[in-house]
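Chemist: all I have is the shape, not the residue letters:
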């Protein structure tokens, strides 16, 4: 099992990296308790995992893709609240007093919701009055395929099924980076980001290394000129008292301006127009080759 986690050349036979915050072969008392109680160790709004369904949560924090763990739950990024420290270092000076609020609704000029900001970091003076803020958006990865089936199979007997072979099952779950950028990241930047940018407020985006690598190349600027910081993380395998676990680790930060970054992410890379014309030609030829449907009317009079 261990080789499947660390090897860069072998494909994992099963997709589950972390379930309720622990490796699936973690037999420690803590790991067993978190599975049995459906608990979340990553600062969820309640002690329990609430992903997908509160009463029957899908407790998968991350999945394997080409032997790398990929974060699929946004709450997973809240480990030890490292992301807020990293965002605050971009938003504020080192001596600033700040705090954070989660899931803050953002309205447009008509009072209509543009969505919730994942985390708002607020700077306040010695009297507790807010004088500045920044927005932190967390971008987990969508999954294509079915991850609930292997999760439920594993949960039926976690000790035995930790060694399961799921490779030949239909709808094997994989990260869907394209949908993650088009259906979530781009709209977030366009609507919420557009409002924040018009107010002159900085934005931080926390995302997985593998996800960031699939984005179009972004034009970098210095920290002093940046309007967005891309906080890039991975899950590193660590050992605590003989029990292995994944730990959130920032590996890079990329500074960009807002509008060039938005343009890069929302502008599709066009294919060859001649290929599209060829497709149209094939469809037209199919129509022209099909004879018209005619009916004979018997005894019209």
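Modeler: All right, it came through fine. Since the model is a prediction, treat every value here as computed from it, not as a measurement.

Chemist: longest helix in this protein, by residue count?
Modeler: helix 273-289 (DSSP state H).

Chemist: and that one, what's its mean pLDDT?
Modeler: Mean per-residue pLDDT for helix 273-289: 92.

Chemist: repeat that for stretch 119-136.
Modeler: 97.

Chemist: buried set for that stretch?
Modeler: Using 16 or more other C-beta atoms under 10 Å as the burial criterion, the residues of stretch 119-136 that qualify are 119, 120, 121, 122, 123, 132, 133, 134, 135, 136. From N, CA and C alone the C-beta is placed, and that goes for glycine too.

Chemist: tell me where the chain has helices.
Modeler: 2-6, 29-37, 82-91, 148-156, 158-161, 177-179, 186-187, 194-198, 209-213, 258-266, 273-289.

Chemist: show me where pLDDT drops low in the stretch 151-300 of the chain?
Modeler: Per-residue confidence for the stretch 151-300 of the chain (pLDDT under 70) gives these ranges: 290-300.

Chemist: let's see it at 90
Modeler: 239-243, 266-271, 287-300 (pLDDT under 90).

Chemist: dump the residue contacts of residue 234.
Modeler: 68, 69, 208, 209, 210, 249, 251 (C-beta atoms under 8 Å, 6 or more residues apart in numbering).

Chemist: list the contacts for the second one?
Modeler: For residue 69, the set of contacting residues under the criterion of C-beta under 8 Å, 6+ apart consists of 5, 17, 18, 62, 63, 234, 235, 246.

Chemist: could you check how many residues crowd around the third one?
Modeler: A count of nearby residues for residue 18, using other C-beta atoms under 10 Å, gives 25.

Chemist: nearest spatial neighbour of it, chain-adjacent residues omitted?
Modeler: residue 61 (3.9 Å; C-beta to C-beta, 6 or more residues apart in numbering).

Chemist: who's in contact with the one you found?
Modeler: 17, 18, 19, 20, 21, 42, 71, 72, 73, 75, 76.

Chemist: contact partners of the longest helix of the chain?
Modeler: Nothing outside helix 273-289 qualifies as a contact, by C-beta under 8 Å, 6+ apart.
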